[in-house]
Structures are given as structure tokens and as C-alpha cells.
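# Structure, please.
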Amino acid sequence: MSERANCEALQRWGPNMTMNVAFDVNGGWKEAVVSVHDLHFWGEVAQHDLAWTLGHRGAVARDQLKAWGLPDHVSAEEALYHCGDEAQGFVRFVAFKGAKQERIRAGAMPWDTGGIFSLMLRARNLVTVKDSLLDRGFTMVADPVTFDYNGQILTNIIFRGPDGVSFGVYERVNPPLTGWGHVRRFSQPFNCMQIVRNRDATRNFHRDVLGFGAFVDNDARNPTPSDSNFGFPKNLTTQYTTKAAIMHPRGKLDAKERDNGRVELIEWDGFEGRDLSARAVAPNLGALMLRWCVADAAAACQAIAAKGIEIYRPATMVIVEPYGTLTTFSIRTPDGVIYELISRR
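Numbering: from 1, shown residues only. Got it, this is the predicted structure:
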């Protein structure tokens, strides 16, 4: 089978449960791995509140746990969810057993750096469907905020759930959103926000080490006091500069695409928080890592190492369902986020 045919393959898991496991090596991150305390709770959230579909559930393979640097007495169960026919933005919830765990960002403020701040989703009728998550025990960083972003009117809520897992949820108010007809309530994560110590350094890491281009790269300051979706005091919202970069393997994406697999890097000039990057490792609780598809993980590992970048976990072969046997290795960003690069060979 050719590489393209292999990448476009569909694999069926149970009745009426078709999961698109295509590998797009330039399509941004494939899935987020999220470490949780209660797999049943997060399954209820994923299926009933977010309206995602279960694509795989089972034990995490021993070779995968070893590749994550975990000792033999640690085991784990996992459940992988997807949204509609979308081949990206999967979320893999993993519940570890037999390991001491710390919550990565459960007590973090928005300006604390390190790890993954939030997985970013789209929603239909956000103000209405928010109650489903609140009834589960989620909280909001701030009340819903509607704002103009480059001519788009958006409403945003940042939800914080158990284990320090946060979802930044957006509804496009105007102009109407197109190309997202697969979404019933909440979309797959299409972006991942990271609060960083130095936007320029982390942007350059994505550009120079990984070859990404910028979807957005700018500095902005509010001209007048305004409500903040991050919960900042209104009277201070004119006093700081937001330094942002949104990076993707293809740079600025084609407008017809669902703009999946981005990472958003945010630095607030003048804010100094704690650095939590040391916590952002397995088996700690929270959004743990992003997985990216590459054509040849072993070759990519060598190329990145040749640039002087430390390899966090060396290249090895592991079983990752529903994909099968993969070659995988991982690196960490300047802010401690684990990127696991995977390939089918």
C-alpha cells in the first residue's frame, strides 16, 4: 500500500463507529494526550456534554508506558475520542495506576507559564450549552466575553475542569462559521494555547527546529478598558501588551480548511507568574502532550538532534491504538510542553 493510501485509510471500531485515522504529516497536531484521575467521568463529559464519539478504549501498551519513562509497576487505561468525521483534534484520556501524581495546572493562574493552558474548541449556542459543563463541576475563568478579533465577533468562555484540564471554547457570532457542519455541540480541539515565558524564543523554536510558519504573529494592547476572558481586572486591561504567535506546519492556513492542529503562544508583557513546566511530565494530571504525525520519526529525531535540541524520549517502536505499531520520540518546548512525533514506520 502506498504511503498516501495508508495515510487515508479508515479503521472501524464497533458498530456505527467509524474513526478516520489518516496521518497528515503537515496537518498540525493529531491528538492531545490528557492525564486524568477518573476515566469514567471524562468519558461522560466527552460523550454526553461535548458530543464526541468514542473511537478506542483499552489498556495502554507496556511498551508505550516504558517509552514515557514509567516504571514496570505503573499501568494505565485510555479512551480516545473524536468529533464527527474529523481526522484531527483527537483527545486521548489516560488514567494511570500505581504512580504518584501531581496536578500540572490545577491551581495555576492564566499568567503562570509552562505546560498546556487550554485546548481550544468551537461550540454552537455556547451560552446555552455551557450549563452542561457547569453542572458537571467545571468552573469558568470569567463570565462569557464577546469581542472583535480581526473583524470576527467571537464569544469565549474558558472552562476549567477536574485535574486542571481547561477548554477555551469559542462561538463565532459573526460572520457565520462555515465548514464545521460535523459539530453537534462542541468541536474537536483545533488549537492549543500555551502561556510562555518568552514569545519570541518559543516562536523561534517552532520555526527553526520544527519548520513551522506563523498563522498570527503580533503584539496588541487594548485601547480602552474591557472585560477580559482571562479574568484580568478591567482597569488593568490597557496596561499590558499581549504578545501572540499562532504556529502551524503550513503557516497561514487555507481559509477553506477547518484550521486544525495549531498552537497558540501567549506572553503577557509585564506579568510575571510561576513557571510550572517541571510539572508537565507523565504521569502528572492535566493536558500532558501533543502528538504530531511525521513521515519518518526516526529520521526526524536525528534531524532535530543535529540542531542541538535535546531529545526528551528517544526513538522507539510502540503500539498505539487505533493506529497500530508506530515509531515515536518526543521533545519538549522551551516551556516544557511535550511534543511526541509519530510515524507509521
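
# Check what pLDDT residue 150 gets.
We have a pLDDT of 80 for residue 150.

# residues near it, how many?
Residues lying near residue 150 (other Cβ atoms under 10 Å) number 7. All C-beta atoms are positioned from the backbone trio N, CA, C, and that covers glycine.

# measure it to residue 62 for me?
According to Cβ to Cβ, to the nearest Å, residue 150 stands 47 Å off from residue 62.

# And for residue 48?
Separation of residue 48 from residue 62 (Cβ to Cβ): 32 Å.

# for residue 171, helix, strand, or coil?
Of the three states, residue 171 takes strand under DSSP: H, G, I helix; E, B strand; the rest coil.

# Which of residue 48 and residue 62 has more residues huddled nearby?
Taking other Cβ under 10 Å, residue 48 and residue 62 do not tie; residue 62 has more neighbours (15 against 12).

# Skipping its backbone neighbours, what lies nearest residue 127 in space?
Nearest non-adjacent residue to residue 127, counting by Cβ to Cβ, 6 or more residues apart in numbering: residue 144, 5.8 Å away.

# same question for stretch 41-50, mean pLDDT?
97.

# ah, wrong one, I meant stretch 67-85
97.

# And for stretch 205-224?
Mean predicted confidence for stretch 205-224 is 94.

# which residues touch stretch 52-70?
Stretch 52-70 is contacted from outside by 13, 17, 19, 43, 46-47, 72, 74-84, 90-91, 94, 96, 99, 186, 188, 282-283, 313, 316-322, 328, using Cβ atoms under 8 Å, 6 or more residues apart in numbering.

# rerun at 7 Å
13, 17, 19, 46-47, 74, 76-83, 94, 99, 282-283, 313, 316, 318-322, 328 (Cβ atoms under 7 Å, 6 or more residues apart in numbering).

# out of those residues, which are inside strands?
Under the assignment DSSP state E, these contribute 19, 76-82, 94, 313, 316, 318-320, 328 to strands.

# Please indicate which of these are buried?
19, 76, 78-82, 94, 313, 316, 318, 320, 328 (16 or more other Cβ atoms under 10 Å).

# Per the annotation, how does this structure divide into domains?
Here the domain parsing of the chain from automatic domain parsing is 3-103+280-343, 118-277.

# correct me, but residue 34 touches residue 166?
No - between residue 34 and residue 166 there is no contact under Cβ atoms under 7 Å: 10.6 Å.

# Compare the two and say which is more crowded by neighbours.
Higher neighbour count among residue 34 and residue 166: residue 166, with 25 against 20, using other Cβ under 10 Å.

# Got phi/psi on that one?
The phi and psi values for residue 166, taken as degrees, to the nearest 10, are phi -120, psi 140.

# Next one: it from residue 321, what distance?
27 Å.

# Repeat that for residue 109.
Between residue 109 and residue 321 the distance is 37 Å, computed by Cβ to Cβ.
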